[in-house]
Every structure is written in C-alpha cells, then in structure tokens.
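Chemist: Compute the structure for the input listed below.
(chains A and B)
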Amino acid sequence: MRLSQFLAKTLRDDPAEAETANHRLMLRTGMIQQIAAGVYSYAPLALRSLAKVETIVREEMNAAGGQEVKLPALQPRELWVQTGRDAAFGPDLLRLKDRRERDLVIAPTHEEAVTLLVKQHLQSYRDLPQLVYQIQTKFRDEPRPRGGLVRVREFDMKDAYSFDADAESLDETYQRMVQAYRNIFRRCGIPAVMIEADSGAIGGKDSHEFIMPTEIGEDTFIQCPDCGYAANAERAAFQRPPAPAGEPLPVEEVHTPGLTTIAELVNFLSVTPEQTLKAVFYVADGEMVFVSVRGDLEVNEVKLKRLLGANDLHYATDEEVEAAGLVAGSASAVGLTGVKSVADESVHVGANFVVGANRRDWHLLNANTPRDFVPDLVGDIALAEAGHRCLQCGGEFIAERGVEVGHVFKLGTFFSEALNATFLSPEGSLQPAIMGCYGIGIGRLLAATIEHNRDERGMRLPPNVSPFQVYLAALNAEDAAVAEAADGVYRALTDAGFETLYDDRAESAGVKFNDADLFGFPVRVVVSPRNLRQGVAEVKRRDADSAHLVSLEDTAATVKGLLAELVALLAE
RNA sequence: CGGGCAGUGGCGCAGCUUGGUAGCGCGCUUCGUUCGGGACGAAGAGGUCCCGGGUUCAAAUCCCGGCUCCCCGACCA
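Modeler: Have a look, this model is predicted:
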C-alpha cells in the first residue's frame, strides 16, 4: 500500500479528549474516529490490526476445539425475560421495538442465543462436550464509556460457550480455554495475570479474569507475593486484621455531640477504628438493608450484592434512610427492628465495639454480638486492600490496577435449565448441560496491546498485531533514482509476502521518520540518495537503536530475519 | 444518576470580562528554495462560532432553555 493513497493522516498535536497513551496514539495515527460517546469508526489501519487480533483469537479457539458460529445481535426481548436477564441487565440492555411494536433487544452477550442453538443439536451425552464461539458486535448501553476503546458501547467481542455433561468435563474445557487465553495474550505481546473474579449474580462457581497490569486500568486487583494468590479486589478473601478482644463489658451510652464519622469517634473516644462498627445503608431491590462492618474496613458492594442475591443495589438516599427511621451517623444494629441487617464477618473479630445508639448525638460502648445484636446475615462483605493478610498463607497483599482483557466463567446450569438444554445421561436421566463462557474484547485487547507496546515516539507493535509489517520510506521520493530503487524494494517486499506501507509522499525525512515511529510497525526500511550511493537500503527494527545496511537485493531477506527475531521474542 | 470542565476551519487553542471587521500555531493548495529526525519564503483556500429562543440598531460575546463531549464518582452478569 502506498501511503500517499492510504486513508490515514497523522496528527501532530494530541487530540484534547485523549487521556491514555493508547487512545492518544490511535487518534494521532487516525486509526479510529469517535462518532458518539463510546462509539467509534475504524479506519483501515485499525481494521487491519483488529483483523490480526481476531486471527490470533480464532487460531487459538480452533486449536482448543472451538467451532465458530454467528449469533444474532437482534433478539426478542421475551427471551431475556425468560432467563431473568432483562431485569438483571437493567438499563445497560439496549431495548427497541420493531414496526409491529414487538419488543426487541440488541444483545450485550449471547448465552440465551447460544443455548438455543446448541440445544437443537443436543440429545445425548454422546453429543457432548461442545465448544462454540463467535466474534461479533455487542451493544451495552454503558453509563460512562471512557478511555478510547477500553470501555465502549458498541464493540466486537469473542465470546465462547462450552457445554459439558459433568463437572469434571467442564474443568477440562475450562483449563483448555485458560491455556488458549494465555497463548493469545502472549502472542499479542502483553502480560496478563489470571486472577479470581466475582462470578456475578448468576450462579457459577469459578470465574477468572485476565488482567493486564497498568495504572490506567479500571480494575483493582490484589496479589499475595508469598503464595501467588491473586484476585479482583471485589472478590479477594482476606484475614480480618486482629482487634482487641476480651469479655463482654456492660453496654454504656456515651454522649457524642455532632460526631458522625468513624474518624471523629475514634478521636473523641480515644479508641482505634477496629474497635468501632461502621453502619452503611443500602437499598437492595427496593428493600432497605442495614450493613455493619468494622470501622477499619470498607463495604465491598459487589460482595454485598452477591451475599444478598440482589439485582440492584445502591446507597440509600437521605429520604430513604429517614423513611426507614434510621439515624445516619448514629445508627447501629443494636435494637434495630423492621430492617434487614447484614454484617461483615469482622463483627466477630474483636469485642466491645463502639456503635451508634440509633439516637442523634449518642453512641454505645461495648456492643457485642450475639449478646446485643444478631444480624440476619453475616458474611464476607468487606473490601480487600493492600496491606491486608492473605487468607491462605498470611502474606501481605499488594494492590495493583489493570485492564481486564479476558474473562472465563463457569456458568453452571443457569441457562440450560432456564431454556431446557438437556441431554440424556448414560443412566437414562435427563440432565441440563453444564455451561461455561469465555470472553475477550477485541478492541480492548488491541488498546491494551498498544498501551503496553509503545515508547515516547509512538507504538511498537508486535509483528502479528501490527497493521503492516514493514514501513518503507523513500527519502527524496521525487528523485527518479530513489523512486525507482524504492519501487523495486517495494515489489520485492510485497512479492516476499510482507505487508508493506510504502511512504512515497513528498515529505521531508524528519516527517517520515516521525510517522514511522508513530505507526510503530516492527520493521522500517529506508531508501535514500545517501544509501543509494553505496547501493544499500537501511533496515531497522522499531525497537532497535541501530540499523542494518544491506544491499537492495538482500532487503527482503533481512526483513524476514528481523521479523523472525521479533516473533521468537514473543514466544519467550 | 451526582459533581466538575468544555463546545470557535481537519487538529491544538485565543477572542467572551467591557456586544460592533472572527484570529493565532499546526495541517491543507500553488510556486520557488531546501533535503537523514516534524525545513524556509511568498501567495492562497477553508468557519451555520453546538442548537433553539430572547435582549439589542448590532450577539462568538449578554439572558433563558436544550443538546453533545470529556474528566471524577456512582454504575459496569
């Protein structure tokens, strides 16, 4: 492809809306154009890279035994009502009506559709296992898209679904997919950490996310440096830090005028945060929930949501709190009636807590469970943070940010039961298939790849993700001898099968070098009057400081060698 | 959904306080000179100043209403 004819114009200034490096680079190279919040057009340069990423994903899915299918984006809403996900997805689900006023959705994911498809071909345990996948456009009406392609409303996703006859078989499929994912991320040149993840409201035992560590990431994950335990912060289990224990002392009321926060209480009463209980109010599916957690910990809403089995969970508004007769700032589970009460297990670690008196400006000393209050539910609902201790080995957690580039998930039988995807077992009984699902956002993976593979000059793309493999620059392209030689090199590279972007523009050397670095293709070839006098071309790896001078005839062979080096680096 | 910022040629921005000719840098076109890390000169092209309403002789600028985008948070099977 000749750059002079290619639909790509680079920008010299960074577009104002781009905050992250990958977004900035994609805009400056003209790869993408935003058309609405979280909706993008993809120019040829981007599409080429996306296609490469898709190829990697396809190859690995096929190698893992996947069969490619294509499921519809447009689906009857009734199907989603049937599985309860019309409600579960809430406003993120894009809904519309057709000309006959029938309710439709544009699918954000495809468990329903795939279950129906596989069900049609499923009768016996002999038909299992099955692994199908597709690469297809999803629509999610995200409340806040951000960060270029990292979080968008319309995006291409590889989603795979497995159907197995029993748990052991699912385990095997799951492990095969985990390995496929590791291969994919390695080939894209990014490090990905596999962490335990929240499995969400819909059933399922195991769930793992693949996270690429980066400060621009949206997710926080916890790692134990000692035993290797790694989990999303919204999921991580941890030891509750110790707190002073002792025999229960008599409850005392204490006047605490104007004090509402843990910090104020701790200061006023000369106690430590872990000697207090914090009260937080939520509304879960319309029901007021009173939540207690020790003062040194934070409530983790994801854990809470799961413990409650709630679809919708939000902080109670002031009106809702008042309507329930609760006293913000001085509330506690002691003497609480008529409101569901939930507590973190940390209420069992320590004793003689300071709690609210459910009366403005008063608190209680020496509250203990079960003597003074008995929560309706006790569980792990506290947020794991850096410095907490590992439940498995006692190691001290570190916390890191990252982008979720993949998610694997044991679904169980939620969908197969709801939609009757059953098979006859060897014993002759009808069983629901056990499902798993596995997702990778293609555009997000490209964004992560760019975020990780770059320097201050631009991208440094791995050869199998880069839109082109070679950037061929003709300096002083209007010089007939240069043009002729460069044309020859271009033909040789093309004939040798290398995708080459040929910079034949009448631009200065500086412009071409800068654009070459910005585009970040793995290999750059320069034909110039200076080189030509010695009968050579210059061949340079994007990530190298120095170039090779080789005869024009040897250029393609040298390029081949450098690309092979780069591919070999990825295999390590 | 709460809080904050902003919308002016393709990109980055100024002008708005104090109403009166729409401006700068980059990019683009033509000509000439240059030619290995974002060259120089000259001459040009390109704008419903987000939209609607109002005030006024006159609105990018003031007032009212709306839309959109970005950032923080909430949210994100």
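
Chemist: Give me the neighbour count for A:Ala323.
Modeler: Applying the criterion other Cβ atoms under 10 Å, we find 11 residues in the vicinity of A:Ala323. Using the backbone N, CA and C atoms, a C-beta is placed for each residue, glycine as well.

Chemist: same deal with A:Thr317?
Modeler: A:Thr317 has 11 neighbouring residues, counting by other Cβ under 10 Å.

Chemist: how about the lowest-mean-pLDDT helix or strand in chain A against RNA strand B, any contact?
Modeler: In chain A, the helix or strand scored least confidently by mean pLDDT, DSSP states H and E is helix A:318-323, which has a mean of 76. No. Helix A:318-323 stays clear of RNA strand B (Cβ under 7 Å from any atom of the strand), getting no nearer than 12.1 Å.

Chemist: Can you name the residues that contact A:Glu215?
Modeler: If a contact means Cβ atoms under 8 Å, 6 or more residues apart in numbering, then A:Glu215 has A:Arg401 as its contacts.

Chemist: mind listing the strands for the stretch 401-550 of chain A?
Modeler: Applying DSSP state E, counting those that start in this stretch to the stretch 401-550 of chain A gives strands spanning A:422-424, A:430-432, A:434-441, A:454-455, A:458-459, A:470-474, A:500-503, A:523-527, A:536-541, A:548-551.

Chemist: Using CSV, lay out those strands together with mean pLDDT and mean neighbour count.
Modeler: What follows is the strands of the stretch 401-550 of chain A, written out as CSV (pLDDT from 0 to 100; neighbours: other Cβ atoms under 10 Å):
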stretch, mean pLDDT, mean neighbour count
strand A:422-424, 98, 17
strand A:430-432, 97, 15
strand A:434-441, 96, 24
strand A:454-455, 95, 16
strand A:458-459, 96, 24
strand A:470-474, 97, 27
strand A:500-503, 98, 26
strand A:523-527, 98, 28
strand A:536-541, 98, 22
strand A:548-551, 97, 16
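
Chemist: What residue in the stretch 301-450 of chain A comes nearest to RNA strand B?
Modeler: Closest residue of the stretch 301-450 of chain A to RNA strand B, Cβ to the nearest atom of the strand: A:Glu301 (4.1 Å).

Chemist: didn't that residue look like it was pressed against A:Leu313?
Modeler: Yes. Here A:Glu301 reaches A:Leu313: they are 6.0 Å apart, a contact under Cβ atoms under 8 Å.

Chemist: what do these two both touch?
Modeler: A:Tyr282.

Chemist: Can you pull the domain assignment for chain A?
Modeler: A:46-217+A:402-450, A:252-379, A:468-571 (automatic domain parsing).

Chemist: lowest-confidence stretch among those domains?
Modeler: For these, mean pLDDT drops lowest on domain A:252-379, to a mean of 86.

Chemist: quick one: terminal-to-terminal distance for that one?
Modeler: Taking Cα to Cα, to the nearest Å, the first and last residues of domain A:252-379 lie 27 Å apart.

Chemist: residue boundaries of the strands in the stretch 201-350 of chain A?
Modeler: All strands of the stretch 201-350 of chain A, identified by DSSP E, counting those that start in this stretch, fall at A:207-213, A:219-223, A:230-232, A:238-239, A:252-255, A:277-284, A:287-294, A:313-315, A:340-344.

Chemist: Report the separation between A:Thr256 and A:Asp226.
Modeler: Using Cβ to Cβ, to the nearest Å, A:Thr256 is found at 41 Å from A:Asp226.

Chemist: And these two? Which one has more around it.
Modeler: The neighbour count for A:Thr256 versus A:Asp226, taken as other Cβ under 10 Å, is higher for A:Thr256 (21 against 14).

Chemist: Just list the residues touching that one, thanks.
Modeler: A:Leu265, A:Phe268, A:Leu269, A:Ser330, A:Asp361, A:Trp362, A:His363.

Chemist: how close does the residue nearest to A:Ala556 when sequence neighbours are not counted sit to RNA strand B?
Modeler: Distances taken as Cβ to Cβ, 6 or more residues apart in numbering place A:Ala496 nearest to A:Ala556, at 4.1 Å, with adjacent residues excluded. Shown here: A:Ala496 relative to RNA strand B, a distance of 21 Å by Cβ to the nearest atom of the strand, to the nearest Å.

Chemist: Take the contacts of A:Thr256 and keep only those in helices.
Modeler: Residues of the contacts of A:Thr256 located in helices (DSSP state H): A:Leu265, A:Phe268, A:Leu269.

Chemist: Report the buried members of the residues you listed.
Modeler: Neighbour counting by 16 or more other Cβ atoms under 10 Å classes A:Leu265, A:Leu269 among the ones in helices among the contacts of A:Thr256 as buried.

Chemist: Distance to RNA strand B added to the ones in helices among the contacts of A:Thr256, as TSV?
Modeler: Converted to TSV, the ones in helices among the contacts of A:Thr256 look like this (distance: Cβ to the nearest atom of the strand, whole Å):
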residue	distance to RNA strand B
A:Leu265	23
A:Phe268	27
A:Leu269	28
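
Chemist: for the ones in helices among the contacts of A:Thr256, which one is nearest A:Phe373?
Modeler: Comparing the ones in helices among the contacts of A:Thr256 against A:Phe373 with Cβ to Cβ places A:Leu265 closest, at 17.7 Å.

Chemist: re the thing from before, a markdown table for the domains of chain A, including distance to A:Pro462?
Modeler: Compiled in a markdown table, those are given as follows (distance: least, Cβ to Cβ, whole Å):
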| stretch | distance to A:Pro462 |
| --- | --- |
| domain A:46-217+A:402-450 | 4 |
| domain A:252-379 | 34 |
| domain A:468-571 | 6 |
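
Chemist: quick one, which of these is nearest to A:Glu19?
Modeler: Of all these, it is domain A:46-217+A:402-450 that lies closest to A:Glu19, at 6.9 Å by Cβ to Cβ.

Chemist: Residues of the stretch 351-500 of chain A that sit close to RNA strand B?
Modeler: Residues of the stretch 351-500 of chain A lying near RNA strand B (Cβ under 7 Å from any atom of the strand): A:His407, A:Phe409, A:Cys437, A:Gly439, A:Arg457, A:Leu475, A:Asn476, A:Glu478.

Chemist: Name the member of those with the most neighbours.
Modeler: Neighbour-wise, these (other Cβ under 10 Å) top out at A:Phe409, 26 neighbours.

Chemist: Which residue is the nearest non-sequential neighbour of it?
Modeler: Of all residues not flanking A:Phe409 in the chain, A:Ser207 sits nearest, at 4.6 Å (Cβ to Cβ, 6+ apart).

Chemist: what's the neighbour count on that neighbour?
Modeler: 20.

Chemist: So it sits against A:His407, correct?
Modeler: Yes. If you go by Cβ under 8 Å, A:Ser207 and A:His407 touch, sitting 7.2 Å apart.
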